[in-house]
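> Generate a structure from the sequence data that follows.
(chains A and B)
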Amino acid sequence: MNSSLRTSASGMAAQQRMIDVIANNLANVNTTGFKRSRMSFEDVLYETLQGSRSSTAQGSETVGPVQIGKGVRIGAVLRLHGQGAPESTQRPLDVAIEGDGFFQVQRPDGTTAYTRDGSFTLSDSGTLVTNGGHAVLPVITVPGDATSITIGPDGTVSAIGAGSQTPVELGRIELARFVNSCGLLSIGENQYVETPAAGQPMTGSPQEDGFGRVLQGALETSNVEIVQEMTDMIAAQRAYEINAKAITASDEMAKAASGLVR
Amino acid sequence: MSMRGIVNSARTLSYYRRLQEVTANNLANASTDAFKADRMTARQLPGQEYPVPIEQTDLEQGRLRETGRPLDVGLEGPGYFVVSTPRGERLTRGGSLRLDASGCLMDGRGDPLVGAEGPIRVNGAQVEIRADGTVLVDGTGAGRLRIETVDEPALLLKEGAGRYVPRGALRPVPETQVFVRQGSVEEANLDPLLSMVALVNIQRSYGANIDALKVLDGVLGSVTNSVGRVQ
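Here you go, the predicted model:
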């Protein structure tokens, strides 16, 4: 079988995947704390028809190797953890992280997940939970009679109780970060779990040891830029077409060759 | 005589088929980071009537595209990073690096990129890779990536995954000639338009050689069928 057909087909499959990733980025253009991904491709095995060799007896001139590549494959899908713009919502329980760090969230199975989505609410028992009802770690409980909640840039949560004028400190939001946050595994609901590739979580308080600060009344928007995605999509589409053309060309050549037989 | 013409035509056709495969591979890798396009040309040896393929990898610098990912590295200038694999040292132009469980810098396929003292471990919060290849973790030096090349880069053998098998001794590239760009990747250095033109060219040349073969075949056919026949 003509191997260039397979080579071009691998190119088409790769560009199809690229479009898949771009489509997911675009679908999440309004998702709080979403981080865009990009594809990384790599070339695959080469068939070496002829190694490099000396073309003259004295070896003074060398001829490079003749190698034929066999296409492309997906290397990785990489999440890009660039900062998204904070968008003001004025809601007291919305918090955005400006800088490095993730909120820690307790999963139903007891493990910890990490998120940049700070659209928190209160559970029926008054604890700070995510949109999906998972407790934010460390657990912070707001008393039922609290009239206003303040979250400082350093993560300190304080509330003013009914009939009181002085705020009472309830706890402090802790953040976690990773050497390689791109290595985190996405599990949906804007949450990530740790993997060996991401490294061990290092926890700390906002505004300390290189952690970012916390903004109350704001949410981090998605870091997807529509224009960027659109141009990437056009490029992927063109690359797809070119590979399809290469298939047509190979096919025509094979047809011409088979036409030799009378 | 005519038989030799047919054999030569067949060899020419096989050359164009390979040329097509090389072009298809270039196009398939249009979005592969740090990919270097292959150029196949031919030369004719004295006394031969068919082309002998020679191939060259176009080592021209690809454009650097900013990604903002701290572990994406591209090289500006000649040279390669050194990857230590179980089969020996390999060269690579970089791309999207990752970390293994112990925090060592790895290439996309999962083998460590090495400095003068072996793999570089980055256990910390912030990784900075300077233009000269020095890796800083939270501000303290963790090593320096080897950036080396061979005397004749044209003889490098491609191994896939952006890796090259060096032939001959490696030597460091002077740091005034090459710069490591963190947060960027080098794009494939291929011009899709030129590749499209090449594709059309190959197809036409192939067709022309098919036609020539048909003519030769026709001549041979009439010779074997008509000569000696009494009418």
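
> Mind telling me which residue of the stretch 1-150 of chain A is nearest chain B?
In the stretch 1-150 of chain A, no residue comes nearer to chain B than residue A:11, which is 3.1 Å away by C-beta to the nearest C-beta. C-beta coordinates here come from the backbone N, C-alpha and C atoms, glycine included.

> Show me the helices in chain A, by range?
With DSSP state H as the criterion, chain A has helices at A:3-27, A:226-258.

> which of the residues in the shortest one are buried?
Think helix A:3-27. When burial is assessed from 16 or more other C-beta atoms under 10 Å in any protein chain shown, helix A:3-27 yields the following buried residues: A:3-15, A:17-18, A:21-22, A:25-26.

> What angle do helix A:226-258 and that helix make with each other?
Direction vectors for helix A:3-27 and helix A:226-258, defined by axes from the mean of the first three to the mean of the last three C-alpha atoms, to 10 degrees, enclose an angle of 160 degrees.

> any idea how far helix A:3-27 is from the chain center?
Relative to the mean C-alpha coordinate of its chain, helix A:3-27 is positioned 18 Å out (C-alpha atoms, centre = their mean, to the nearest Å).

> now do the last one
Helix A:226-258 has its C-alpha centroid displaced from the chain centroid by 27 Å (C-alpha atoms, centre = their mean).

> near chain B, anything from it?
Yes - contact check for helix A:226-258 against chain B, using C-beta under 8 Å from any C-beta of the partner chain: residues in range are A:235-236, A:238-239, A:242-243, A:245-246, A:249-250, A:252-253, A:256-257.

> pLDDT, neighbour count and distance to residue B:115 for those - can I get that in JSON lines?
JSON lines is the format used below for these (pLDDT from 0 to 100; neighbours: other C-beta atoms under 10 Å in any protein chain shown; distance: C-beta to C-beta, whole Å):
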{"residue": "A:235", "pLDDT": "91", "neighbour count": "16", "distance to residue B:115": "35"}
{"residue": "A:236", "pLDDT": "93", "neighbour count": "22", "distance to residue B:115": "36"}
{"residue": "A:238", "pLDDT": "92", "neighbour count": "13", "distance to residue B:115": "39"}
{"residue": "A:239", "pLDDT": "92", "neighbour count": "22", "distance to residue B:115": "35"}
{"residue": "A:242", "pLDDT": "92", "neighbour count": "23", "distance to residue B:115": "39"}
{"residue": "A:243", "pLDDT": "94", "neighbour count": "24", "distance to residue B:115": "38"}
{"residue": "A:245", "pLDDT": "93", "neighbour count": "16", "distance to residue B:115": "44"}
{"residue": "A:246", "pLDDT": "93", "neighbour count": "29", "distance to residue B:115": "40"}
{"residue": "A:249", "pLDDT": "92", "neighbour count": "22", "distance to residue B:115": "45"}
{"residue": "A:250", "pLDDT": "91", "neighbour count": "25", "distance to residue B:115": "44"}
{"residue": "A:252", "pLDDT": "91", "neighbour count": "13", "distance to residue B:115": "51"}
{"residue": "A:253", "pLDDT": "91", "neighbour count": "22", "distance to residue B:115": "48"}
{"residue": "A:256", "pLDDT": "89", "neighbour count": "19", "distance to residue B:115": "54"}
{"residue": "A:257", "pLDDT": "88", "neighbour count": "17", "distance to residue B:115": "52"}
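
> Farthest-apart pair in the residues you listed, please.
The two members of the residues of helix A:226-258 next to chain B with the most space between them (C-beta to C-beta) are A:235 and A:257, at 33.4 Å.

> can you tell me the residue of chain B closest to chain A?
Closest residue of chain B to chain A, C-beta to the nearest C-beta: residue B:28 (3.1 Å).

> List the contacts of that residue.
With contacts defined as C-beta atoms under 8 Å, 6 or more residues apart in numbering or on different chains, the neighbours of residue B:28 are A:7, A:8, A:10, A:11, A:14, A:69, A:71, A:72, A:243, A:246.

> quick one: which of those residues is nearest residue B:46?
Within the contacts of residue B:28, proximity to residue B:46 (C-beta to C-beta) peaks at residue A:69, which comes in at 30.8 Å.

> The closest one contacts residue B:23, doesn't it?
No - taking contact to mean C-beta atoms under 8 Å, the distance of 10.4 Å between residue A:69 and residue B:23 leaves them out of contact.

> circling back to that earlier point, redo the helices of chain A as JSON lines? Include distance to residue B:225.
Below are the helices of chain A laid out as JSON lines (distance: least, C-beta to C-beta, whole Å):
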{"stretch": "helix A:3-27", "distance to residue B:225": "37"}
{"stretch": "helix A:226-258", "distance to residue B:225": "23"}
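
> which SS class is the residue most central in space within chain B?
Relative to the mean C-alpha position of chain B, the nearest C-alpha, by C-alpha atoms, centre = their mean, is the one of residue B:36, at 4.2 Å. Secondary structure for residue B:36, judged by DSSP: H, G, I helix; E, B strand; the rest coil, is coil.

> List the single closest residue to it in space, sequence neighbours excluded.
By the measure of C-beta to C-beta, 6 or more residues apart in numbering or on different chains, the closest residue to residue B:36 outside its immediate chain neighbours is residue B:57, 5.0 Å from it.
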